[in-house]
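Undergrad: Generate a structure from the sequence data that follows.
(one chain, ligands or ions: 1)
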Amino acid sequence: MKAEIHHASKYGNGEKVVAYLQGLLVAKGHQAEFRHVRDAKPKDVPVADLYVFCAPTRMGKPIGKMRRFLKKARLPEGARYVLIATHGEPVPDKRTGNMPSSEEIEKYQQNLPAMEAILRDKGAVKVAETKVYVRGDAMKGPLADGWEKVLEEFASRLY
Ligand SMILES: Cc1cc2nc3c(=O)[nH]c(=O)nc-3n(C[C@H](O)[C@H](O)[C@H](O)COP(=O)(O)O)c2cc1C
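TA: Reported below is the predicted structural model:
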């Protein structure tokens with residue numbers, strides 16, 4: 001299998017995520033390359049068996065660079081793709097100590113459905129998706145403990 005991975009990491013966490021995923025795929029004998037969307041041409045995405053898109057979250061949505069890339073992306077009809085969203089881990093409110101409600105969490109975690117909505121119009125087919133968290137006490141990272149396990153489990157669904 002040949003996988004083409006595009007990410008839009010700003011602080012480096014998402015880049016770590018896709019580099020790790022690439023390593024897992026290559027170790028299983030697949031071809032996999034990753035690049036930042038700023039270094040890629042949306043109209044010229046290399047043909048692949050699997051497309052991976054990984055984006056950080058801003059106000060609940062994929063970062064603008066990834067939204068724009070996906071809107072412009074030219075993919076073959078029926079392209080198989082997977083999505084990864086990096087999120088700040090939900091943490092208790094500093095004043096009240098209460099965890100946000102599931103509705104509040106959902107509001108700030110619309111990255112995956114937003115990317116899917118863009119790609120749906122292109123006739124692409126979603127194979128899998130996952131969220132990976134950065135530590136909630138530091139919105140810019142590092143990645144939350146256990147992120148490698150999340151990716152190992154995720155990658156095993158792609159082989
Ligand atoms: C201005 C700003 C807004 C953010 N908004 C959200 C958000 O709405 N939901 C969320 O889960 N994470 C949010 N985050 C945390 C980002 O998801 C996190 O910084 C990102 O996943 C790190 O990825 P990167 O290191 O690859 O850039 C926000 C971070 C910043 C700096």
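Undergrad: distance of Leu112 from the ligand?
TA: Remark: distance between Leu112 and the ligand (CB to the nearest ligand atom, to the nearest Å) = 11 Å. Placement of C-beta: from N, CA and C, glycine included.
Undergrad: ok, and that residue, which helix or strand is that part of?
TA: Assigned by DSSP states H and E, Leu112 falls within helix 111-120.
Undergrad: average model confidence for the next helix or strand along the chain from that helix?
TA: The C-terminal neighbour of helix 111-120 among helices and strands, as given by DSSP H and E, is strand 125-134. If you average the pLDDT over strand 125-134, you get 98.
Undergrad: Say whether the ligand is contacted by strand 125-134.
TA: Yes: contact of strand 125-134 with the ligand is found when judged by CB under 6 Å from any ligand atom, involving Val134.
Undergrad: Show me what the helix or strand that that strand is followed by is packed against.
TA: Heading C-terminal from strand 125-134, the first helix or strand you meet, by DSSP H and E, is helix 147-156. Judged by 3 or more CB pairs under 8 Å, 6 or more residues apart in numbering; DSSP states H and E, the packing partners of helix 147-156 are helix 13-27, strand 125-134.
Undergrad: Now the first one: buried residues?
TA: Applying a neighbour-count criterion of 16 or more other CB atoms under 10 Å, one finds 13-18, 20-22, 24-25 buried in helix 13-27.
Undergrad: So the nearest residue to Gln109 once chain neighbours are set aside: helix, strand or coil?
TA: Once flanking residues are discounted, Gln109 sits nearest to His87: 5.7 Å by CB to CB, 6 or more residues apart in numbering. Here His87 is recorded as strand under DSSP: H, G, I helix; E, B strand; the rest coil.
Undergrad: mind listing what His87 touches?
TA: For His87, the contact set (CB atoms under 8 Å, 6 or more residues apart in numbering) comprises 57, 108-109, 111, 131-134.
Undergrad: Now rank these by neighbours and give me the top one.
TA: The residue in the contacts of His87 with the most neighbours, by other CB atoms under 10 Å, is Asn111 (26 neighbours).
Undergrad: check contacts around that one.
TA: 55, 57, 60-62, 85, 87, 131.
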